[in-house]
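1. Using only what follows, build the 3D model:
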Amino acid sequence: MPNRKPAKAAGAAEPAKSAKPAGTAKPAKPVQTVKPAKPESRLAMVRRARKINRELAEVYPYAHPELDFRNPFELLVATVLSAQTTDLRVNQTTPALFAKYPTPEDLAAAVPEEVEELIRPTGFFRAKTKSIMGLAAALRDEFDGEVPGRLDDLVKLPGVGRKTAFVVLGNAFGVPGITVDTHFMRLVRRWKWTEQEDPVKIEAEIAEIFPKSEWTMLSHRVIFHGRRICHARKPACGACPITHLCPSYGEGETDPEKARKLLKYEKGGFPGQRLNPPPDYPGRPAPPLGASD
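-> Below you'll find the predicted structure:
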């Protein structure tokens with residue numbers, strides 16, 4: 001006979017299904033942690049740095065030294081005077097100085113108190129008088145009244161360090177150099193090109209990123225950007241043309257309208273720093289000393 005399943009007994013209960021204890025919550029889904037962004041590689045940083053330089057070249061095709069000068073001697077003296085003051089104040093001061101002392105021989109033989117009075121607007125005028133008269137005497141006595149075109153010679157002059165020497169070499173002699181001033185130091189650190197704080201170490205690291213032929217103009221572009229947009233206290237991030245390349249975007253004002261009000265010199269519609277700017281400068285010349293800015 002065919003096998004049959006045994007009949008359930010009357011009143012027999014169904015086997016109990018396994019039930020979850022009351023109040024037991026569903027197992028929580030595993031939390032997905034956000035992986036930290038990978039550190040930027042050296043190659044990626046170099047590519048980004050060079051792209052910033054190219055884009056700054058488009059933004060500031062007119063970048064130039066912002067000190068008025070007609071010869072290497074005037075540029076050397078003006079650069080020494082620019083310490084702890086603006087290029088604008090130096091440019092407003094040097095016309096009278098160079099009118100009275102046009103050569104190293106003239107300045108070396110000057111009466112210190114008269115020089116101090118002429119350069120007083122630049123600040124620290126006693127120390128600066130000592131420096132510019134000392135370098136003028138050194139040029140007269142050691143270099144036949146001519147500014148040398150070698151770094152080793154320039155840095156031996158009173159008041160002349162590497163920054164001043166590279167300004168003179170790059171802009172009076174066409175010798176490539178990186179000018180590490182306060183603006184340059186601030187921006188290359190914001191852009192994560194270096195973590196160094198010592199100017200000489202910064203110079204060395206940046207020199208490894210860019211070809212030597214770019215050093216002088218790179219300096220001008222970075223300094224221009226620092227003076228006009230990427231300020232020390234409140235960068236105008238919302239008006240910056242290279243935000244897509246900047247790892248520090250957001251440190252300053254990001255609202256475009258508010259950021260535009262922070263722009264300086266020609267970017268803000270104001271006069272530049274030079275009384276005699278290059279022909280291609282799109283801004284207005286600075287006013288002479290005593291005139292309203």
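
2. how about the residue nearest to residue 86 when sequence neighbours are not counted, what does it touch?
-> Nearest non-adjacent residue to residue 86, counting by C-beta to C-beta, 6 or more residues apart in numbering: residue 273, 6.6 Å away. The C-beta positions use only the backbone N, C-alpha and C, and glycine is treated the same way. By C-beta atoms under 8 Å, 6 or more residues apart in numbering, residue 273 lies in contact with 66, 86-88, 91, 265, 286.

3. What score does residue 1 have for pLDDT?
-> For residue 1, the pLDDT comes out at 45.

4. again but with residue 19, I slipped
-> Predicted confidence (pLDDT) for residue 19: 48.

5. in the strand or helix carrying residue 201, what counts as buried?
-> Assessed by DSSP states H and E, residue 201 sits inside helix 199-209. Buried residues in helix 199-209, counting neighbours by 16 or more other C-beta atoms under 10 Å, are found at 199, 202-203, 206-207, 209.

6. residue nearest the centroid of the chain?
-> Among the residues of the chain, the one closest to the centroid is residue 184, at 3.0 Å (C-alpha atoms, centre = their mean).

7. three-state assignment of the nearest residue to residue 272 once chain neighbours are set aside?
-> Nearest-residue entry for residue 272: residue 283, 4.3 Å, with adjacent residues in sequence omitted and distances by C-beta to C-beta, 6+ apart. Secondary structure, DSSP: H, G, I helix; E, B strand; the rest coil: residue 283 is coil.

8. so who does residue 283 touch?
-> So residue 283 contacts 265-266, 270-272, 277 (C-beta under 8 Å, 6+ apart).

9. Find the nearest non-adjacent residue to residue 216, please.
-> Residue 216's closest residue in space is residue 170 (C-beta to C-beta, 6+ apart), at 3.6 Å.

10. Contact partners for the one you found?
-> 176-177, 179, 215-216, 219.

11. Please identify which pair of those residues lies farthest apart.
-> Greatest spacing in those, by C-beta to C-beta: 176 and 179 (10.8 Å).

12. shared neighbours, the two?
-> 170, 216.
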